[in-house]
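K.L.:
Have a look at this prediction, sequence included:
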Amino acid sequence: MVAPSALTILFLAANPSGNSQSRLEQEARDISEGLLRSQHRDNFRFEQRWAVRPRDIRLALLECNPQIVHFGGHRKQDRTLENQEAINQEFSTDTEPKAEQEEGLVFQDNTGHISLIPANALADLFKLFSDQVNCILLNGCYTEEQAKVIAQHIPYVIGMKQSITDKAALDFALGFYDALGAGRSIEFAYNLGRTAIQMSGLPEHLTPVLYKFSALGTNIPNGTPPKRRVQEKREDLEEEYQDIRKKLKYLKKEWTIKTDSEAKYELSQRIEQYEVQLQNLEELLEQLES
């Protein structure tokens, strides 16, 4: 029986036309079954949303209140699209060099067209949920840039720095969740996922990359004088630092009061999240001072 205080994992299948539905179904099924067999199975709730559009992502975050968000699926350009692009380029009168196509997770919009959500938009979205989301796994090809930006607000973000095969992506996910199901930390789970790829004899264990919360990004307009920008950034970080300290103090107090082991486990996960944020904020404030 799933505990009321269980951590929620939200599996979002981004599956534009042309991508492998069966691979995503296997990934979701194997993760779910692995968690059900795990030592701490009652501490996890596994939610799934399929063929998600941008609005579906927002609604799922609001409805499920997840602590871990898993994106499955990636850009897969078929031969027809490649031929069409070649034809378009051949007959194009545009003399300007064509910009390199952006990679990462792609979705279908409301009209059925394939679109990539800008990394900054994803980061701004998850900033709104940074008080609850502890980890995001972008388990698709070329998602490193998206991971870097999202990590400005979320403690742990995992992306793929290049193309990754379906088998390697699946092995990584299973190793990752096997570790979480055994009560290990996110960093341990990340390393076990990479080891799982190695143990399958695949050369892609260095493709997954882990980014920790950095808050290096800034929304201050570029036209602001440098000294003022630094001062405003420092004030924002100090305000965030004090806010997290208050939350952390409250959670630690709650942890000492709770007697239920499952509730204490959930609280310890949230305490770990806030301690990571505080450590990184302290480092950033030191950098600004210097």
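P.N.:
Looks like it arrived, so ask away.

K.L.:
Disregarding flanking residues, what is the spatial nearest neighbour of Ala168?
P.N.:
Leaving aside its sequence neighbours, Ala168 sits nearest to Glu204 (C-beta to C-beta, 6 or more residues apart in numbering; 4.1 Å). The way it works is simple: take the backbone N, C-alpha and C, and place the C-beta from them, glycine included.

K.L.:
Please disregard the earlier target; I meant Gln162.
P.N.:
Thr207 (5.7 Å).

K.L.:
Let me see the contact set for the one you found.
P.N.:
Counting by C-beta atoms under 8 Å, 6 or more residues apart in numbering, Thr207 touches 160-164, 168, 197.

K.L.:
Those into JSON lines, with extra columns for distance to Gln108?
P.N.:
Formatted as JSON lines, the contacts of Thr207 follow (distance: C-beta to C-beta, whole Å):
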{"residue": "Met160", "distance to Gln108": "21"}
{"residue": "Lys161", "distance to Gln108": "25"}
{"residue": "Gln162", "distance to Gln108": "24"}
{"residue": "Ser163", "distance to Gln108": "21"}
{"residue": "Ile164", "distance to Gln108": "22"}
{"residue": "Ala168", "distance to Gln108": "25"}
{"residue": "Ile197", "distance to Gln108": "29"}
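
K.L.:
Just the buried residues of the residues you listed.
P.N.:
Among the contacts of Thr207, those classed as buried by 16 or more other C-beta atoms under 10 Å are 160, 164, 168, 197.

K.L.:
Report the distance from the helix or strand containing the last one to the chain centre.
P.N.:
So the one you mean is Ile197. Using DSSP states H and E, Ile197 falls within helix 186-199. Distance of helix 186-199 from its chain centroid, counting by C-alpha atoms, centre = their mean, to the nearest Å, is 16 Å.

K.L.:
for stretch 111-128, same thing?
P.N.:
Centre-to-centre, stretch 111-128 and its host chain are 12 Å apart (C-alpha atoms, centre = their mean).

K.L.:
Renumber starting at 252 from here on
P.N.:
All right, first residue 252 from here; so that's stretch 362-379.

K.L.:
number of nearby residues for Tyr428?
P.N.:
Neighbourhood size, Tyr428 [other C-beta atoms under 10 Å]: 25.

K.L.:
Nearest residue to it in space, ignoring adjacent ones along the chain?
P.N.:
Using C-beta to C-beta, 6+ apart and skipping residues adjacent in sequence, the residue nearest Tyr428 is Ile282, 5.1 Å away.

K.L.:
and the one you found, how far is that from Ala370?
P.N.:
From Ile282 across to Ala370, the span is 25 Å (C-beta to C-beta, to the nearest Å).

K.L.:
tell me which strands and helices the longest helix anywhere in the chain is in contact with?
P.N.:
Assignment by DSSP state H gives helix 477-508 as the longest helix of the chain. Here helix 477-508 touches helix 512-540, going by 3 or more C-beta pairs under 8 Å, 6 or more residues apart in numbering; DSSP states H and E.

K.L.:
Can you classify Tyr462 as helix, strand or coil?
P.N.:
strand (DSSP: H, G, I helix; E, B strand; the rest coil).

K.L.:
Make sure Phe297 is indeed in a strand.
P.N.:
Yes. The assignment for Phe297 (three-state DSSP) places it in a strand.

K.L.:
Does it touch Ser289 like I think?
P.N.:
No. Using C-beta atoms under 8 Å, Phe297 is not in contact with Ser289; the gap is 11.0 Å.

K.L.:
Look at those two and report which has more neighbours.
P.N.:
Using other C-beta under 10 Å, the more surrounded residue of Phe297 and Ser289 is Phe297, with 23 against 18.

K.L.:
for stretch 482-497, which positions count as buried?
P.N.:
For stretch 482-497, by 16+ other C-beta under 10 Å, it's 484, 488, 491-492, 495.

K.L.:
With stretch 420-434 instead?
P.N.:
Buried residues in stretch 420-434 (16+ other C-beta under 10 Å): 420-432.

K.L.:
Output the contacts of Thr458 as a markdown table; include the columns pLDDT, secondary structure and distance to Pro305.
P.N.:
Output for the contacts of Thr458, formatted as a markdown table (pLDDT from 0 to 100; DSSP: H, G, I helix; E, B strand; the rest coil; distance: C-beta to C-beta, whole Å):
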| residue | pLDDT | secondary structure | distance to Pro305 |
| --- | --- | --- | --- |
| Met411 | 94 | strand | 21 |
| Lys412 | 92 | coil | 24 |
| Gln413 | 90 | coil | 25 |
| Ser414 | 90 | coil | 24 |
| Ile415 | 91 | coil | 23 |
| Ala419 | 95 | helix | 27 |
| Ile448 | 97 | helix | 30 |
